[in-house]
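Q: can't give you the sequence, but here's the structure:
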């Protein structure tokens, strides 16, 4: 019984140390923003203002919510990916969705890819499948940019990226991974822009996030999506897991 109590006490002490470190980090970043002339007060909640006509809320019809999701996370409409898992041997991965499913010996060049529809999005959101999006469009443009962070410092680095975006007047949305060990930061554009331009914006924000993090080098940063400026011959470019999946895979 004594060993259990000792273990619990050690865990509480560790959590208190981590909390204090996070407070110190938050205070340091706030001071940096103050030095740059940026306010650190939280923005007012969206619903504190009167609900504008056409604004999608919790009480909106399902069709409106699906349309909003599809508009924000607008990717290639002619193809999407699905996540597969083999629990017997412990492997998992992604593959483009095709009519009839993939079969052994199937010619990939002759496969009929399935389009991304509202029904597919709905299945993802309720957890019946896990959707992968191809952000790089066929004309080498994109409608969003996502920065991927992984590892123990992922959330702090992603927050620094968000603060850099806010300092430059770029609206950014932070998504914590399902496992809690990574993060995506999404930037949405009002229209399609060249992927090279979007990626340049992301690169600038990364450099500014490094300044905000001080001595930290953003080691958790993985890559930007789209991952390419130009669509590769015969390929779709790198996919990114769609957010808000209803039921995380086991």
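A: Noted; the coordinates are in hand. What you are looking at is a predicted structure, and each value in this text was computed from that prediction instead of being measured.
Q: report how many residues lie close to the residue nearest to residue 245 when sequence neighbours are not counted.
A: Leaving aside its chain neighbours, residue 245 sits nearest to residue 130 (5.4 Å; criterion: C-beta to C-beta, 6 or more residues apart in numbering). (Glycine included, C-beta is placed from N, CA and C.) Residues lying near residue 130 (other C-beta atoms under 10 Å) number 22.
Q: and residue 130, how far from residue 159?
A: Separation of residue 130 from residue 159 (C-beta to C-beta, to the nearest Å): 26 Å.
Q: same thing with residue 205?
A: For residue 205 relative to residue 159 (C-beta to C-beta), the value is 12 Å.
Q: what's the helix or strand for the residue nearest the centre of the chain?
A: Nearest to the geometric centre of the chain sits residue 184, at 3.0 Å (C-alpha atoms, centre = their mean). Assigned by DSSP states H and E, residue 184 belongs to strand 182-194.
Q: from residue 190, how far out is residue 165?
A: Relative to residue 190, and taking C-beta to C-beta, residue 165 is found at 16 Å.
Q: between those two, tell me which one has more neighbours.
A: Between residue 165 and residue 190, residue 165 has the larger neighbour count (other C-beta under 10 Å), namely 23 against 6.
Q: surely that one forms part of a helix?
A: Yes: per DSSP: H, G, I helix; E, B strand; the rest coil, residue 165 lies within a helix segment.
Q: skipping its backbone neighbours, what lies nearest it in space?
A: Of all residues not flanking residue 165 in the chain, residue 172 sits nearest, at 3.9 Å (C-beta to C-beta, 6+ apart).
Q: which stretches of this protein form strands?
A: Here the chain has its strands, by DSSP state E, at 81-86, 91-96, 131-133, 141-150, 173-176, 182-194, 221-225, 240-241.
Q: residue 205 and residue 159: who's more crowded?
A: residue 205 (25 against 20).
Q: from residue 211, how far out is residue 167?
A: Residue 167 sits at a distance of 10 Å from residue 211 (criterion: C-beta to C-beta).
Q: more neighbours: these two, which one.
A: Higher neighbour count among residue 167 and residue 211: residue 167, with 18 against 12, using other C-beta under 10 Å.
Q: may I see the buried residues of stretch 162-176?
A: Of the residues in stretch 162-176, 162, 163, 164, 165, 166, 167, 172, 174 count as buried by neighbour count, 16 or more other C-beta atoms under 10 Å.
Q: cool, and stretch 228-242?
A: Residues of stretch 228-242 classed as buried by neighbour count (16+ other C-beta under 10 Å): 228, 231, 236, 237, 238, 239, 240, 241, 242.
Q: that stretch: end-to-end distance?
A: Chord length of stretch 228-242, first to last residue, is 18 Å (C-alpha to C-alpha, to the nearest Å).
Q: also stretch 166-175?
A: Taking C-alpha to C-alpha, the first and last residues of stretch 166-175 lie 16 Å apart.
Q: all helices of the chain, in order?
A: 2-35, 62-72, 118-125, 154-167, 195-212 (DSSP state H).
Q: what's the closest of those to residue 54?
A: helix 62-72 (8.7 Å; C-beta to C-beta).
Q: okay, now residue 150: neighbour count?
A: 18.
Q: beta partners for it?
A: residue 182 (DSSP bridges).
Q: quick one, what contacts it?
A: 181, 182, 220, 222 (C-beta atoms under 8 Å, 6 or more residues apart in numbering).
Q: give me that answer again for 10 Å
A: Each residue near residue 150 by C-beta atoms under 10 Å, 6 or more residues apart in numbering is listed here: 157, 158, 177, 179, 181, 182, 183, 219, 220, 221, 222, 223.
Q: can you flag the buried ones in those residues?
A: Buried members of the contacts of residue 150, scored by 16+ other C-beta under 10 Å, are 157, 158, 177, 182, 183, 220, 221.
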